[in-house]
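> Fold the following and give me the result.
(2 chains)
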2 protein chains.
Amino acid sequence: MTSDAMTSDLHPDQPSADRHSKTHFRRVPVELGARSYDIVIGEDLLAHREIWMPLLEGRQIALVTNELLASLHAPKVRDVLAPHAASFIQINLPDGENYKDWQHLQLIFDALLHHRFDRRCLLLAFGGGVVGDMTGFAAACYQRGVDFIQIPSTLLAQVDSSVGGKTGINHPSGKNMIGAFHQPKLVLADTRWLQSLPPRELSAGLAEVIKHGAIADRAYLEEVLANMPALLRADPEAMVAAVARSCEIKAAVVGEDEREDDRRAVLNFGHTFGHAIEAGMGYGVFLHGEAVGTGMVMASELSQRLGLITAGERELLLSAIAAAQLPMKAPAWSTAEYLKWMSVDKKARAGRPRFVLLQGLGQAFMREVDEAILDLSIKACLQ
Amino acid sequence: MTSDAMTSDLHPDQPSADRHSKTHFRRVPVELGARSYDIVIGEDLLAHREIWMPLLEGRQIALVTNELLASLHAPKVRDVLAPHAASFIQINLPDGENYKDWQHLQLIFDALLHHRFDRRCLLLAFGGGVVGDMTGFAAACYQRGVDFIQIPSTLLAQVDSSVGGKTGINHPSGKNMIGAFHQPKLVLADTRWLQSLPPRELSAGLAEVIKHGAIADRAYLEEVLANMPALLRADPEAMVAAVARSCEIKAAVVGEDEREDDRRAVLNFGHTFGHAIEAGMGYGVFLHGEAVGTGMVMASELSQRLGLITAGERELLLSAIAAAQLPMKAPAWSTAEYLKWMSVDKKARAGRPRFVLLQGLGQAFMREVDEAILDLSIKACLQ
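The predicted model follows:
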C-alpha cells in the first residue's frame, strides 16, 4: 500500500487520487450506452473504497474465485469487502481452463440458490479469464441477469477479458461456444496481484498487450518492446501504463462494435490459429496467451505472404513476441488438421475460417484466405 | 388450408391478406427498439410464405421440436420450410417440463456444433413453452447469441411465452432460475395446431388468456367468458381474436418494462402461488397454466381480503376460471410450506415473496403482504 493510498482511505472526501499521481490509479471508460462502465487500473485499489463502495454497499454478494487464490489473495479481498455487504458468500472454482464447463458453472448457481440470492445480488469475479468468463456468464443467466464486477488477477484478464463483456464456457467441440455478452458494472484492475503471477502467465498476458499494439498502435508496440524487462518483473508503473493503454485500445474497438458483427473481430488477431492450437492440443496445455503468441507468428506470416506487411514490420512484431518469452513454433500438424480445428471458430462462415490480417503494423482487418497460401504459411511456422 | 391462403400462396405479390379478412391473419407488433418483432396470428401461416421467407431464405436452420410433434405436425413444417434453407436439421427434445434442464439443452448445442452451425444460423422453436424456452435460451447462448423464430404449438405458448423474450431452463431449486432475455425475430402463432391440442392443454392456455383480462381489460375477460364454448373447441375465429388480444395486452406491458424491473411483474398475477404449486408438486404434475389457474383463485382471495376487489369482481373471475375447466382448489399444504416454495420466486426480495394483486378487476400491482392475511387466504383456498 502506498502512502497516498492510505491518505485517500483516511480522508475519503479529498479529490480522487488519479488527478494527482500517474502511478496511482487511472480510469478507462468503456462507452456502451446504458451498459457503460469504468475500468480502474492501479496499485492497491481495495484501499480506495470510494471506487467500489457505492456499488457494493448493502447487497447480497458472492465472491467467485479459484482454489489457488482462495488460499492466496482472496482472504484480503473478503476482509475488506465483506463488512459492507448485506450477506457475503465465497465460491471456489477449481483452477484451470479444463473446468470452464457447465458442471462447474452449476456450482455457482447451486450456491446462489442455496443462499437465496435474489435478482439484486452482485457477483464478484476474482481471478483470471476462467473465473471472469464463468462468473460473468453465471451473472448473465442467473434469474435472467444480475450485476457483476470483475477483479482480474492476471495480466491476461486485465487487458483482455475485462473489456467488452464476453462471457461463457467451453463445449467439448469448441472454446467459448456457449456464452453471452454481459457487461460488468465495474472492473478493478489491481496491478498488485500481478507481482505473484508465475512468469509463464505474465508472458501469456503480454501476448494480448503486444496484439493491441499490432492491430492499433505501432508506437505502443515499440514502447512495449522497450519496456519488456520492466513488464516481465511486473513493475507497477510500467504495468499501469500498459494495462491502461491496452484497455483503451480494446475499449475503443468494442465501443464501435459491441456484438462483434465485424469491426470487433480485429481483436481476434492471432486467435484463429490460437484457438486451433488450444483446441487441438487439448485445453490447458497451451495457456490462451501462449497460443495467441504463436497464432500471431502464424497470422503475421500469412499477412506478409499476402504482401500486407513488410519483412521489417513482421520482424518488429516477432521481436516483441520473443522478448515476452512466448512460444514461437506452431504444433507440427497438417493444414487439414488446422482447418478442422478452425472450422468451428466463431468467425467462420459455413465452416470456412476467416482470418484477421495486418495491413501495415498497427492496422488490421478480417477476410477469407486462399487455401494454397494458407498451406504455405502454416508450413513455414511449424516446429 | 383456406382457399384465400392458397390464392395468396400462388400470387405472392397481391396485398397481404390481413387487410382483407379478419379471420385470416393478424399482426401484433412487440415494440422493443432494435429488438422489436411481430407476432403473426392466423390459420395456416405456412401457406403465407411472404411472412417468413425473408428471414429463412438461404440460412443454416435448426428446427427444434419435441418427440410428440416430431411424429405429428413437424413433418409438415419441415416439408414447407426446408427447401428454402442452406441446410436444415431437426432436433427432437423429449416432451415435458421435467426435461427443461441443462442436460437436454446440451442436445441442441451438440447438434448445432456437430453440423458446424455458425453465428448467422437460425433456430426455429416448434412446440409449447418448454421447447420455446429451451430453444430461445439455446439461441441466446450459442456462440453468444443467434437468431430464433417461435412457432408455438400450444395456446399457452401462443399467448404467453411468445411475447417478451423470456427464455430459460429450470434448476432443481427453482423454475426458470437460469435463463436470458432474448427476443425472437418473429412469432408465427398458427391456430391450426390448437385443433389437435388435448383439452387439458387448451384449458391451461386459457388460464393465461383469463389472466390478461383480469390484469388489464375487464371487458375482454367478459368476452372470453361469453366465448368459452367456442374457445374450448378451438374455433379458429374465436381463437385468432383471443390470441391477438392477449398478445396485445402482454406486448403493451413488456414494451414498458422489458426486463421486469417492476411494471412487467403484473404479468405474474397468479404466478407466485402457481410457481409454488408447480415446484411443490414436482414439475409436470400440474400443467403451468393449471397452476396459474389455481394461483389466480388464491391471489384473488388475497386481493378481496385486502379490500382491493369486490366479491362480485372475484365471482366473475372465478366463473371464467371454472368455465375454462381449470382446477380451483389448492394443494392442502401449510402456509409455511407455501412460503418455503415462494421464497425463491424471482419477485422475492431477500427471501420475502411479493404478490401481484388486483386493484379492481382489470388492473394489477405488486407488493408484499402481511403474513396473517396471507395465512387466512391460503387456508380459504385449500382443497
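> mind listing what residue A:102 touches?
A:169, A:178, B:102, B:106 (C-beta atoms under 8 Å, 6 or more residues apart in numbering or on different chains). C-beta coordinates here come from the backbone N, C-alpha and C atoms, glycine included.
> And the strands in chain A?
Using DSSP state E, the strands assigned to chain A run over residues A:25-30, A:37-42, A:60-66, A:87-93, A:122-127, A:147-152, A:166-171, A:174-181, A:186-190, A:355-358, A:364-367.
> got the buried residues for the first one?
Pointing back at strand A:25-30 there. Within strand A:25-30, the residues that count as buried by 16 or more other C-beta atoms under 10 Å in any protein chain shown are A:25-26, A:28, A:30.
> and the closest residue in space to residue A:365 that isn't next to it in sequence, what does it touch?
Distances taken as C-beta to C-beta, 6 or more residues apart in numbering or on different chains put residue A:359 closest to residue A:365, at 5.8 Å, once the chain neighbours are dropped. The neighbours of residue A:359, taking C-beta under 8 Å, 6+ apart as the test, are A:303, A:308-309, A:365.
> still on that earlier bit, quick check: of the contacts of residue A:102, which has the highest neighbour count?
residue A:178 (24 neighbours; other C-beta atoms under 10 Å in any protein chain shown).
> Contact partners for that one?
By C-beta under 8 Å, 6+ apart, residue A:178 lies in contact with A:102, A:137, A:168-171, B:109, B:141-142.
> one more time with 6 Å, if that's ok
By C-beta atoms under 6 Å, 6 or more residues apart in numbering or on different chains, the residues touching residue A:178 are A:168-169, A:171, B:141.
> May I see the PyMOL selection of the buried members of those residues?
Entered in PyMOL, the line below selects the buried ones among these, by 16+ other C-beta under 10 Å:
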select buried, (chain A and resi 168+169+171) or (chain B and resi 141)
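> pLDDT at the closest residue to chain B within the stretch 201-350 of chain A, what is it?
Distances between the stretch 201-350 of chain A and chain B by C-beta to the nearest C-beta are smallest at residue A:346, namely 5.1 Å. At residue A:346, the model reports a pLDDT of 71.
> backbone phi and psi for it, please?
Backbone geometry at residue A:346, expressed as degrees, to the nearest 10, gives phi -70, psi -20.
> OK, contacts around it?
By C-beta under 6 Å, 6+ apart, the residues touching residue A:346 are B:119, B:143.
> Next one: it from residue B:116, what distance?
Applying C-beta to C-beta, to the nearest Å, the value for residue A:346 to residue B:116 is 12 Å.
> Next: residue A:320.
Using C-beta to C-beta, we find residue A:320 at a distance of 35 Å from residue B:116.
> who has more neighbours, these two?
A count of neighbours by other C-beta under 10 Å puts residue A:320 above the other of residue A:320 and residue B:116, at 25 against 17.
> Near chain B, which residues of the stretch 251-383 of chain A? Just list them.
Counting by C-beta under 6 Å from any C-beta of the partner chain, the stretch 251-383 of chain A comes close to chain B at A:346, A:348-349, A:351.
> Most proximal residue of the stretch 151-300 of chain A with respect to chain B?
For the stretch 151-300 of chain A, the residue closest to chain B is residue A:173, as judged by C-beta to the nearest C-beta, at 4.1 Å.
> ok, for that residue, nearest residue in space, not its chain neighbours?
Spatial nearest neighbour of residue A:173, excluding adjacent residues (C-beta to C-beta, 6+ apart): residue B:113 at 4.1 Å.
> low pLDDT regions in chain A?
Scanning chain A for pLDDT under 70 picks out A:1-23, A:260-261, A:344.
> What parts of the stretch 1-150 of chain A come near chain B?
Contact residues (C-beta under 6 Å from any C-beta) of the stretch 1-150 of chain A with chain B: A:102, A:109, A:113, A:116, A:118-119, A:141, A:143-144.
> Show me which of those residues is closest to residue A:238.
Nearest to residue A:238 out of the residues of the stretch 1-150 of chain A next to chain B is residue A:141 (C-beta to C-beta; 37.8 Å).
> which residues does that closest one contact?
residue B:178.
> swap in residue A:136?
Counted by C-beta under 6 Å, 6+ apart, residue A:136 has contacts A:148, A:167, A:182.
> Okay, it and residue A:297: tell me how far apart.
For residue A:136, the distance to residue A:297 equals 30 Å [C-beta to C-beta].
> Pull out the buried residues from stretch A:112-124.
Under the neighbour-count criterion of 16+ other C-beta under 10 Å, stretch A:112-124 has A:112-113, A:116-119, A:121-124 buried.
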